[in-house]
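Asker: after the sequence you'll find the predicted model.
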Amino acid sequence: MTRNSMRAVAVRPRVADSLHVRSVPRPSLDEVPDGRGVLVRVLRVGLCGTDREIIDAEFGEAPAGEDALILGHESLGRVEAVGPEVPDSLVPGTLVVATVRRPGSSAYDAIGHPDLSTSDDFPERGIRRAHGFLAEFYADAAEYLVPLPASLAEVGVLLEPLSIVEKGIRQAFEIQQRLRIWEPRRAAVLGAGPIGLLAALALRLRGIEVAVYSRRTAPFRNSELVDAVGGRYVSSASTSLAELAASAGPLDLILEATGYSPFAFEAADVLAPNGILVLASVTGGDQTAEIPTDRINQGLVLGNKVIVGTVNAHRDDFVEGIDDLLRAEAVFPGWLGQLLTTRVDGLERTDEMLRGLRDDADAIKVYVEVAEGG
């Protein structure tokens, strides 16, 4: 390894069993135009179901002209160097998390909302057309980096998945301004993985009653984490969604994060009048189900209900997420750290990454410790 190279974990997109460590050129500030470059040393990278699906050759796209994609879109790093036009909020030593999606060519991209892009040419770091952060360093433009207080060094890698939750909740409240006086009291979160647990946390921090609905029977680590924030865990093995809604009371908001698409329609069926269903799962399979279409349609129309999909996040959602991380550390000290269940020390241990993603049923968040403390 030379001073101008570094290690990175990559795949050949759409090629199964291609996860590997490779030597790549170390990035520099000069790669970013107009003096707005920031060089970041990577500290931690979280891994999730999206990474597993890319590794399993279900999707993913390398940057133009390259045959490999560096993985990792859940990052935490420390600023090493900055260009002359970088704002004072980013100086060497600052903890940062990078946003994931970069602008494409649509009108939404042009107004600073690539998360709402209607074009198909946007890059997403570590997912499509742009390298990710599972490497020793990366360089990026200052506007795509979100500074974190030093107190969040241990849990800051959770900011990117939390940003997805923040966007879903923000969109729900924005859409429900149509009702003038919408004040949600009860919510259900479908799924008890990292997104589901973070959604339960964010809703509880807003004073909303929360039931988390998932397959596994309690007690286990995830159900205990739900209890710890004042939520209620319900297993689908013993309770239907209709029964959950009947016992919990009218569900003003449901956030679906199971990856099991039939739940979306069951949730629409049990949503309260004037309620909103936020769909956060990306389902790429061919699952089918028989559903009571007339009843669901009638309920949506007569009940003034809304279904909305949410994907990726805006920079504002990352900033809001920092506030929730700080509040969580104050209100539920130590809770966030319990999500970080499965640590992989170093970039070379790709077998451990795979085991954590595929085989560890008790894993909540798998993460790679790239450079401890920076």
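Answerer: Great, that's in hand.
Asker: using CSV, write down the CA coordinates of the helix-or-strand element of the chain with minimal mean pLDDT.
Answerer: Sorting the helices and strands of the chain by mean pLDDT, DSSP states H and E puts helix 262-270 at the bottom, at a mean of 92. Output of helix 262-270 as CSV, limited to C-alpha atoms (Å, rounded to 0.1, in the frame of the first residue of the first chain):
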residue,chain,number,x,y,z
PRO,A,262,-48.7,-7.5,1.8
PHE,A,263,-48.4,-5.7,5.2
ALA,A,264,-48.8,-2.4,3.3
PHE,A,265,-52.4,-3.3,2.3
GLU,A,266,-53.3,-4.8,5.7
ALA,A,267,-52.1,-1.5,7.2
ALA,A,268,-54.2,0.5,4.8
ASP,A,269,-57.2,-1.5,5.9
VAL,A,270,-56.7,-0.8,9.7
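Asker: and whichever helix or strand comes after it, what other elements does it pack with?
Answerer: Using DSSP states H and E, the helix or strand that follows helix 262-270 in sequence is strand 271-279. Other elements packing on strand 271-279 under the criterion 3 or more C-beta pairs under 8 Å, 6 or more residues apart in numbering; DSSP states H and E are helix 159-175, strand 251-256, helix 262-270, strand 306-309. Using the backbone N, CA and C atoms, a C-beta is placed for each residue, glycine as well.
Asker: mind listing residues that contact the least confident helix or strand of the chain?
Answerer: For helix 262-270, the external contacting residues (C-beta atoms under 8 Å, 6 or more residues apart in numbering) are 188, 190, 241-242, 244-245, 251, 254, 256, 277, 279, 281, 287, 289, 291-292, 295-296, 299-300, 305, 307.
Asker: show me where the stretch 251-374 of the chain dips below the pLDDT cut-off.
Answerer: 284, 373-374 (pLDDT under 70).
Asker: for it, what spans make up the helices?
Answerer: 262-270, 293-302, 315-331, 350-358 (DSSP state H, counting those that start in this stretch).
Asker: identify each buried residue in the second one, please.
Answerer: The neighbour-count criterion (16 or more other C-beta atoms under 10 Å) identifies 296, 299-300 as the buried residues of helix 293-302.
Asker: mind putting those into CSV with distance to residue 335?
Answerer: Supplementary listing: those in CSV, determined by distance: C-beta to C-beta, whole Å:
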residue, distance to residue 335
296, 36
299, 36
300, 36
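Asker: let me know the closest of the residues you listed to residue 147.
Answerer: residue 300 (41.8 Å; C-beta to C-beta).
Asker: that older thread, angle of the least confident helix or strand of the chain against helix 293-302?
Answerer: 60 degrees (axes from the mean of the first three to the mean of the last three C-alpha atoms, to 10 degrees).
Asker: thinking again about what came up before, of the helices and strands packed on strand 271-279, which stretch is the most buried?
Answerer: strand 251-256 (a mean of 26; mean count of other C-beta atoms under 10 Å).
Asker: partners of that one in the sheet?
Answerer: strand 186-190 (parallel), strand 271-279 (parallel) (DSSP bridges).
Asker: endpoints of stretch 180-200, how far apart?
Answerer: 25 Å (C-alpha to C-alpha, to the nearest Å).
Asker: likewise stretch 126-138?
Answerer: Across stretch 126-138, first to last residue, C-alpha to C-alpha, it's 12 Å.
Asker: same deal with stretch 57-77?
Answerer: 27 Å.
Asker: show me what counts as buried in that stretch.
Answerer: So for stretch 57-77, counting by 16+ other C-beta under 10 Å, buried means 60, 62, 68-77.
Asker: which of the strands paired with strand 251-256 sits closest to residue 345?
Answerer: strand 186-190 (31.7 Å).
Asker: what's that closest one in contact with?
Answerer: 196, 199-200, 203, 208-214, 231, 241, 244-245, 248-258, 263, 267, 272.
Asker: any idea how far the closest residue to residue 62 other than its chain neighbours is from residue 236?
Answerer: Nearest non-adjacent residue to residue 62, counting by C-beta to C-beta, 6 or more residues apart in numbering: residue 69, 4.5 Å away. According to C-beta to C-beta, to the nearest Å, residue 69 stands 35 Å off from residue 236.
Asker: got it, and residue 264?
Answerer: Applying C-beta to C-beta to residue 264 and residue 236 gives a distance of 14 Å.
Asker: same question for residue 38.
Answerer: Counting by C-beta to C-beta - residue 38 and residue 236 are separated by 45 Å.
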